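J.: make a model of this:
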Amino acid sequence: MFKRNAFRVIVMMCVLVYAGIAMGQGNVQKCFNDAACKVKATTDPSQKREILNNKLQDMSKALDIVRSSRLVSKADRAGIDRVKVAIQEKQDELAGANGYARVPDEQLNAFSDYVVQDMEQADRTIVISGVTALLIVIIIILIVR
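T.: Next up is the predicted model:
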């Protein structure tokens, strides 16, 4: 009886962790996708830049908070660092800082799509545990609201 219950608990934990990882990735992608939709709906280039910059800053803050948590492993910290570098590069490109050419006003819509696609690819190439992914999503939700 005990073995059967233990097996059921282990199976349920595996399913929940997998669902949590998928939910975490989906929410991060949705966050950037919503920003891209707002950018495309706005006609003023300065507002477009502000929307993109705010979203990138929110993600960077969330990653800083999660990285400082004791629940995060060294491997997850390395993954978070790689994502932070990618986000910083996007911010530099948007602002034209640190050797990057500033994104022209007429290309901000395309840049927002590029950010969404790049973050989707980062989800596939950077492995972050389920706990860390869920922490990132929770922090993003708290920052945005």
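
J.: and the helices in the chain?
T.: Along the chain, counting by DSSP state H, helices occupy 2-41, 45-67, 74-95, 108-125, 130-144.

J.: which of these has the lowest average pLDDT?
T.: Lowest mean pLDDT within these: helix 2-41, at a mean of 59.

J.: how close does Ala41 get to Ala101?
T.: Distance, Ala41 to Ala101, using CB to CB, to the nearest Å: 26 Å. Where you see a C-beta, it was placed from the backbone N, CA and C, and this is true even at glycine.

J.: give me the buried positions along stretch 54-67.
T.: By 16 or more other CB atoms under 10 Å, the buried positions in stretch 54-67 come out as 55-56, 58-60, 62-63, 65-67.

J.: what's near enough to touch the nearest residue to Ser60 once chain neighbours are set aside?
T.: Counting by CB to CB, 6 or more residues apart in numbering, Ile87 is the residue found nearest to Ser60 once chain neighbours are left out, at 5.2 Å. Ile87 makes contact with 56, 59-60, 63, according to CB atoms under 8 Å, 6 or more residues apart in numbering.

J.: sounds good, over and out.
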